[in-house]
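Undergrad: I'll drop the sequence and a predicted model, then ask my questions.
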2 protein chains.
Amino acid sequence: MGMNDKTGQHKVLLNYKVWLSSITGNGIVGETEYRLLKHIANDKSLKAASDDLGISYRKAWGDLKKAEEFLGYQLLDRQRGGKNGGNSIVTDKALKLIEAYEALQQTFDDQVEAAFIEFKNKLK
Amino acid sequence: MGMNDKTGQHKVLLNYKVWLSSITGNGIVGETEYRLLKHIANDKSLKAASDDLGISYRKAWGDLKKAEEFLGYQLLDRQRGGKNGGNSIVTDKALKLIEAYEALQQTFDDQVEAAFIEFKNKLK
DNA sequence: TCTCGTTATGAAGTGATATTCATATCGTTC
DNA sequence: GAACGATATGAATATCACTTCATAACGAGA
């Protein structure tokens, strides 16, 4: 479990991130947006989803808006007012997107483990 | 090459990052440290390397110090004073580390392209 | 022994992001 | 038709990482 002193050898993990970006490097769809969409698919609410993830509604809303603007299609079908005040439904296109993103993550996950073992061998 | 209006479909790129971290998620060795060590190996100077990369000496120094503390071994052999004011030599262990990191990146690079093509197919 | 350039390190300033706050709109339901 | 709760959005505030600044230590060479 790794030592706790300031100078010992600690357990090291391999980490990675995958995200879609514009050419200029602006992040568009990454882990945050992926998780948001997953939760919205379940909760049918952007507010509930942002609460779930512990990020501000303001940011969640802005992130998805930016993603939609960039992608050029809707990720959510929004409804204001009404029974529960409103709701947000994930569009079919967004569902496809999160499925594809999930597969991408899986591919990376599979490779990270092997690559990390290889990495550690190289250090011996 | 992607439209420029606010709502069109733009060209999307796939991005990724790989780095070593502690269990608590603190980044230890990533692209920055890798590049620093590469440049120090060449320049034999932390100052020159940080200038090369356009990052502050303060950060470069802090990053490598943190990495060394965490890993539990020296990445640099430092010398203060003397002929040119001082110098920093990359240790053998650090050389092994950057070689292994390089191989890791290469592994990912090779597979990212294929994964991205797969990703885009899934969206059709 | 004085100088010079690099390493070393705390402290203060800055800028990008995210959170908080404030307010408006909307549409079922009671 | 008044109320409730989610969406919508600008503005102010807070956070956090990085840069800048300031200052010391060091040691070969002039």
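TA: Arrived safely, thanks for sending. These numbers were taken from a predicted model, which means no experiment stands behind them.
Undergrad: can you tell me how far the most centrally placed residue in chain A is from DNA strand C?
TA: Nearest to the geometric centre of chain A sits A:Glu31, at 1.7 Å (CA atoms, centre = their mean). Distance check for A:Glu31 against DNA strand C: by CB to the nearest atom of the strand, to the nearest Å, it reads 11 Å. In this view, the C-beta of every residue, glycine as well, is placed from N, C-alpha and C.
Undergrad: assign the nearest residue to that residue once chain neighbours are set aside to helix, strand or coil.
TA: Of all residues not flanking A:Glu31 in the chain, A:Lys17 sits nearest, at 6.7 Å (CB to CB, 6 or more residues apart in numbering or on different chains). At A:Lys17 the chain is in strand, as set by DSSP: H, G, I helix; E, B strand; the rest coil.
Undergrad: distance of A:Lys17 relative to DNA strand D?
TA: Taken as CB to the nearest atom of the strand, the span from A:Lys17 to DNA strand D is 14 Å.
Undergrad: for that residue, list each beta-bridge partner.
TA: Beta-bridge partners for A:Lys17, by DSSP bridges, are B:Lys17.
Undergrad: returning to what we had before: my guess is the residue nearest to the centre of chain A meets A:Trp19, correct?
TA: Yes: if you go by CB atoms under 8 Å, A:Glu31 and A:Trp19 touch, sitting 7.2 Å apart.
Undergrad: mutual contacts of those two, please.
TA: Among the neighbours of A:Glu31, none is also in contact with A:Trp19 (CB atoms under 8 Å, 6 or more residues apart in numbering or on different chains).
Undergrad: residues near the spatially closest residue to A:Asn84 that is not a sequence neighbour, how many?
TA: Among residues not flanking A:Asn84 along the chain, A:Ser45 sits closest, at 7.9 Å (CB to CB, 6+ apart). By other CB atoms under 10 Å in any protein chain shown, the residues close to A:Ser45 number 18.
Undergrad: does A:Ser45 touch A:Asn87 like I think?
TA: Yes: when contacts are counted by CB under 8 Å, A:Ser45 is listed as touching A:Asn87 (5.7 Å).
Undergrad: show me which positions of the longest helix seen in chain A end up buried.
TA: Counting residues, the longest helix in chain A under DSSP state H turns out to be helix A:92-122. Neighbour-count burial for helix A:92-122 flags A:94, A:97-98, A:100-101, A:104-105, A:107-108, A:111-112, A:115-116, A:119 (criterion: 16 or more other CB atoms under 10 Å in any protein chain shown).
Undergrad: stretch A:79-89 too?
TA: A:Asn87, A:Ser88.
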